[in-house]
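> Sequence plus predicted model, see below.
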Amino acid sequence: MNEHFGTLPDGTPVHRWTLERAGVRVRVLSYGGIVQSVEVPGRDGRTANVVLGFAELDGYLENPGPYLGALIGRYANRIAGGRFELDGRTYALAPNNGPNSLHGGERGFDQRVWEVTPVEHGLRLTRVSPHGEEGFPGRLAVSATYTLDADGALRIGYEAVSDAPTVVNLTNHTYFNLSGAGSGPAGGHQLRIAAARYTPVDEELIPTGVAEVAGTRFDFRKPRQTGSGYDHNFVLDKGVTAAPEEAAELYDPVSGRVLTVATTEPGLQLYTADHLGAPLSPGAGIALETQHFPDSPNRPEFPSTVLRPGDVFRSETVYAFSARD
Ligand code: BGC
């Protein structure tokens, strides 16, 4: 089902699509591929929307900074100094986060209108990013397919092809609050991440290497409260996988809701939303961004984000919901 959601200043209409299966209802916008709401039952059977979003298009247009629910590209997370070298050529990107490039640049995939076509139990969003967009080389044809599994899990599959060597890192920037969006801070949730290592960062949030989580506040191998002060990438033990494997579990003791995140990606950014900015309040949600590691284009030792002509970039992430005592 789709309905008119709003109109961009240039006159482009934006639509909202609704997916429903197994008691889960998800709303997706053609603008930014945004997951606007995800309604799931708690242990008491009552349904609540568990992701941060705005009720109207203007909310997203006026507050692009937190990337609420958005599809992020071409490069999710940071590229140091807004530049990288590929095959001996240096590419300069617009720095939009201090000296660094963040989440695709000044106008990333989160601020683009996507072509949406219905598929079985879901939607396929497509867009062609022209050569040179935001400084990235290659004409990149991207698709993101959002489907609901038989158990109501939200599955997002990404594909991309390029006509020239380039780099790509795609994610979804949903913030979860399993007690319900707007119910207060989400810092009381319990989080488990299947990662023995993470990437420590400098003051500009650029990785300085890889370190063990043991004995640090980054050890989420056993569940611990998310609290605040996290904006870090975890090195998932499973590495890059052909099919999604479990990466994290978020549990809300209040509502009993559980979110499990499974992915093919090697990394997971935990962002406790300390700097959401008005009209949102700090810590109102928790972002769990499946991805390749920040600044991979400048870090040959990290799993590669290079995409070459003739190859297909593929990744998949599954957000599954349940409830327990
Ligand atoms: C980044 C944060 C950033 C946020 C944008 C996260 O993915 O890691 O540093 O502030 O996105 O709202």
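It's in.

> okay, CA-based contacts and neighbour counts for the rest of this
Fine.

> ok, which residues in the stretch 1-150 of the chain are in contact with the ligand?
Within the stretch 1-150 of the chain, the residues that sit near the ligand (C-alpha under 6 Å from any ligand atom) are 65-67, 77.

> nearest to the ligand, of those?
Pro66 (3.3 Å; C-alpha to the nearest ligand atom).

> Compute the number of surrounding residues for whichever residue of the stretch 151-300 of the chain sits closest to the ligand.
Here the stretch 151-300 of the chain gets closest to the ligand at one residue, Asp231, 5.2 Å apart by C-alpha to the nearest ligand atom. For Asp231, the neighbour count with other C-alpha atoms under 10 Å is 17.

> what separates it from Gly105, distance-wise?
19 Å (C-alpha to C-alpha, to the nearest Å).

> hang on, the earlier thing: confirm for me that the residue of the stretch 151-300 of the chain closest to the ligand is in contact with Gly283.
No: counting by C-alpha atoms under 8 Å, Asp231 sits too far from Gly283 to count as a contact (11.8 Å).

> Quickly list what's touching both of these two.
Common contacts of Asp231 and Gly283 (C-alpha atoms under 8 Å, 6 or more residues apart in numbering): 272-273.

> Tell me the residues of the stretch 151-300 of the chain that contact the ligand?
Counting by C-alpha under 6 Å from any ligand atom, the stretch 151-300 of the chain comes close to the ligand at 231, 271.

> Count the neighbours of the nearest residue to Asp274 once chain neighbours are set aside for me.
In this structure, Asp274 finds its nearest non-sequential neighbour in Pro282, 4.7 Å apart by C-alpha to C-alpha, 6 or more residues apart in numbering. For Pro282, the count of nearby residues is 18 (other C-alpha under 10 Å).

> Ok, Asp202 next?
9.

> do the one 5 residues further on as well
Using other C-alpha under 10 Å, Pro207 is surrounded by 22 other residues.

> next one: Pro300
Residues lying near Pro300 (other C-alpha under 10 Å) number 10.

> quick one, longest strand in this protein?
strand 313-323 (DSSP state E).

> Rebuild the residues of the stretch 1-150 of the chain next to the ligand as TSV, extending it with pLDDT.
Listed next are these as TSV, based on pLDDT from 0 to 100:
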residue	pLDDT
Gly65	96
Pro66	97
Tyr67	98
Asn77	98
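
> can you tell me how far the residue nearest to Gln111 when sequence neighbours are not counted sits from Pro64?
Nearest non-adjacent residue to Gln111, counting by C-alpha to C-alpha, 6+ apart: Gly32, 5.1 Å away. Counting by C-alpha to C-alpha, the separation of Gly32 from Pro64 is 10 Å.

> Neighbour count: those two, which is higher?
Using other C-alpha under 10 Å as the criterion, Gly32 and Pro64 rank with Gly32 on top: 24 against 13.
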